[in-house]
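> just to be clear, the model below is a prediction. Sequence and coordinates:
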Amino acid sequence: NLMENAIVLQYHVSADDFTRAGEASSDVKGKLKQLGISPEAVRKVAIAMYEGEINMVIHANGGEITVEITPEKVRMVLDDVGPGIPDIELAMQAGYSTAPDEVRNLGFGAGMGLPNMKKYTDDMEAIDSDIMDRVIAEMNSYDADIYTAEDVKEALAAETCSVDNFKALLSPAALPFLEEIAQKAQKETRKHFGNSVAIFTPLYIANYCENYCVYCGFNCHNKIKRAQLNYEEIEKEMQAIAATGLEEVLILTGESPNKSSVEYIGEACKIAKKYFKLIGLEVYPMDSKDYAYLHECGADFVTVFQETYNSDKYKTLHLGGRKRIFPYRLNAQERAIMGGMRGVGFAALLGLDDFRKDALATGMHAYLLQKKYPHAEIAFSCPRLRPIINNDKINPKDVHEPQLLQIICAYRIFMPFASITISTRECERFRDNIIQIAATKISAGVNVGIGGHSQEEEKGDEQFEISDGRSVDEIYQMIEDNGMQPVMTDYIYV
């Protein structure tokens with residue numbers, strides 16, 4: 001039944017096969033008509049998909065197309081082999097053709113492909129940026145095993161950490177130097193942050209999700225209790241959090257634009273402004289205009305977990321939904337800055353793939369964006385995989401505490417001004433120690449279910465299991481006991 005289950009169609013597109021070019025889009029068009037989809041919607045889908053399919057045949061050595069049909073929308077993922085079109089900006093001009101003469105003589109390549117795809121699809125803003133290509137190139141060329149003890153010593157002695165120093169600090173050769181690395185990281189932290197440690201809490205307002213991520217408790221195929229807070233319930237949650245003395249909140253939803261619309265998230269931000277001085281968002285990636293709207297509503301910064309920067313591995317972990325679109329997710333932080341957000345956060349979910357390459361890519365992503373947008377505040381999160389409802393076997397594999405400490409300290413040395421958050425995914429002992437070395441922000445009074453701050457029973461299930469359930473008062477006291485200064489907010493509006 002279309003109203004209950006998504007219909008997923010998959011097609012293979014062969015390079016230079018003009019005799020079959022357009023078959024996939026024609027088949028989808030027929031199926032949409034059979035399902036009773038409106039003629040206008042069928043027309044838009046057919047045109048956009050046909051143009052994309054032809055581009056795959058002409059320019060991109062073919063590839064795979066996945067079409068997901070739900071009552072709300074039709075999502076098309078065209079995953080080509082490459083190399084693609086050299087100059088996208090030129091190709092977006094109507095009538096500008098990059099097709100060779102022999103292709104144009106067959107009646108293809110009129111120069112309307114990309115303009116028509118943009119015209120007849122509804123979302124997913126494409127920005128003119130080389131950040132993704134540069135990050136992936138650095139990651140792909142990184143061989144952690146070539147670095148030696150001498151390279152690590154050179155990185156520790158350097159006054160300013162270069163990209164190559166950063167690579168050395170992430171390498172296996174750096175593990176025997178963990179004590180020295182931690183000492184250098186601690187000096188950098190004290191130099192730029194003093195003894196202060198910021199405290200915040202996450203607030204989950206909905207757990208509906210349209211993505212199928214195999215490792216996540218919110219994934220659309222996991223049988224959990226789903227819920228969405230209404231505005232009155234959101235206000236009660238925020239009142240309960242504010243009563244603990246906290247002045248910073250991180251608002252989270254599952255990744256469902258249909259259930260948690262931009263407007264819904266915006267209203268939550270407006271409510272939060274009444275109670276908090278700093279408002280962060282960890283929601284689905286969106287266009288720059290939507291980030292601009294949420295900034296107007298009160299949001300200060302946006303965090304997006306890329307999960308893994310290995311696009312091949314990424315495909316095997318994200319089997320359905322908007323999240324399958326790797327470039328759109330990777331460029332989210334840049335769109336957030338373009339939308340006026342004051343700060344952006346970066347993270348790979350450590351343990352999904354080669355953690356050293358993912359840590360390097362995370363650092364390079366933040367580094368390159370800060371160089372491009374010097375005014376933007378930068379933050380890192382360092383989450384490891386955790387068990388979820390219906391799958392308690394999920395774990396971070398080879399990312400043990402020494403490796404996690406190595407990554408966090410490498411981030412601090414490479415980007416001394418960046419905020420680093422330590423999650424409740426980690427145990428009390430590790431969290432208590434890392435704030436004395438490199439982390440500058442810690443969560444407290446955490447509940448990752450829906451409605452758990454103000455109600456005795458959560459309305460909806462949690463995303464993952466936490467390891468540190470201490471209250472705000474307990475975390476505050478722990479920070480003071482360790483000779484540090486708890487900070488509820490570091491931002492004042494005048």
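In hand now; what should we look at?
> in which helix or strand does the closest residue to residue 471 other than its chain neighbours reside?
Nearest residue to residue 471 in three dimensions, chain neighbours excluded: residue 445, at 5.1 Å (C-beta to C-beta, 6 or more residues apart in numbering). The way it works is simple: take the backbone N, C-alpha and C, and place the C-beta from them, glycine included. Residue 445 belongs to no helix or strand when assigned by DSSP states H and E.
> got the phi and psi for residue 445?
When read as degrees, to the nearest 10, the backbone of residue 445 gives phi 60, psi 40.
> helix or strand right after the strand or helix carrying residue 362?
Assigned by DSSP H and E, residue 362 belongs to helix 355-372. Following helix 355-372 in sequence order, the next helix or strand is strand 377-381 (DSSP H and E).
> who are the packing partners of the helix holding residue 362?
Applying 3 or more C-beta pairs under 8 Å, 6 or more residues apart in numbering; DSSP states H and E, we find helix 355-372 packed against helix 131-141, helix 163-170, strand 301-307, helix 332-338, strand 343-348, strand 377-381, helix 401-414.
> closest to residue 101 out of the ones you listed?
Of all the helices and strands packed on helix 355-372, helix 131-141 sits nearest to residue 101, with 28.9 Å by C-beta to C-beta.
> name the residues that touch the closest one?
Applying C-beta atoms under 8 Å, 6 or more residues apart in numbering, the contact partners of helix 131-141 are 163, 309-311, 327, 330-331, 334, 357-358, 360-361, 364-365, 368-369, 372.
> who wins for proximity to residue 33 among the helices and strands packed on helix 355-372?
Among those, helix 332-338 sits nearest to residue 33 (C-beta to C-beta), with 34.8 Å.
> distance between that closest one and the chain's centre?
Distance, stretch centre to chain centre, for helix 332-338: 11 Å (C-alpha atoms, centre = their mean, to the nearest Å).
> same for it, what does it pack against?
With contacts defined as 3+ C-beta pairs under 8 Å, 6+ apart, the packing partners of helix 332-338 are helix 288-297, strand 301-307, strand 343-348, helix 355-372.
> what's next to that helix, contact-wise?
By C-beta under 8 Å, 6+ apart, the residues outside helix 332-338 that reach it are 125, 127, 129, 131, 285-288, 291, 301-302, 304, 344-346, 365, 369, 372-373, 376.
> stretch 70-85 now?
Outside stretch 70-85, the residues touching it (C-beta under 8 Å, 6+ apart) are 2-3, 6-7, 13, 15, 32, 37, 41, 45, 48-49, 52-53, 55-56, 59-68, 91, 98, 114, 121-122, 210, 258, 315, 321-322, 324-325.
> stretch 158-171: which residues count as buried?
For stretch 158-171, a neighbour-count test (16 or more other C-beta atoms under 10 Å) marks 161, 165-171 as buried.
> which elements pack onto the helix or strand residue 235 falls within?
Assigned by DSSP H and E, residue 235 belongs to helix 231-242. Judged by 3+ C-beta pairs under 8 Å, 6+ apart, helix 231-242 is in contact with strand 196-206, helix 262-273.
> out of these, which is the most enclosed?
Ranked by mean neighbour count, the helices and strands packed on helix 231-242 are led by strand 196-206 with a mean of 24 (mean count of other C-beta atoms under 10 Å).
> quick check: buried residues in stretch 174-193?
Residues 174, 177, 181-182, 184-185, 188-189, 193 are the ones in stretch 174-193 that count as buried (16+ other C-beta under 10 Å).
> next SSE downstream of the longest helix anywhere in the chain?
As assigned by DSSP state H, the longest helix anywhere in the chain is helix 39-59. Scanning forward in sequence from helix 39-59 by DSSP H and E, the next helix or strand is strand 63-69.
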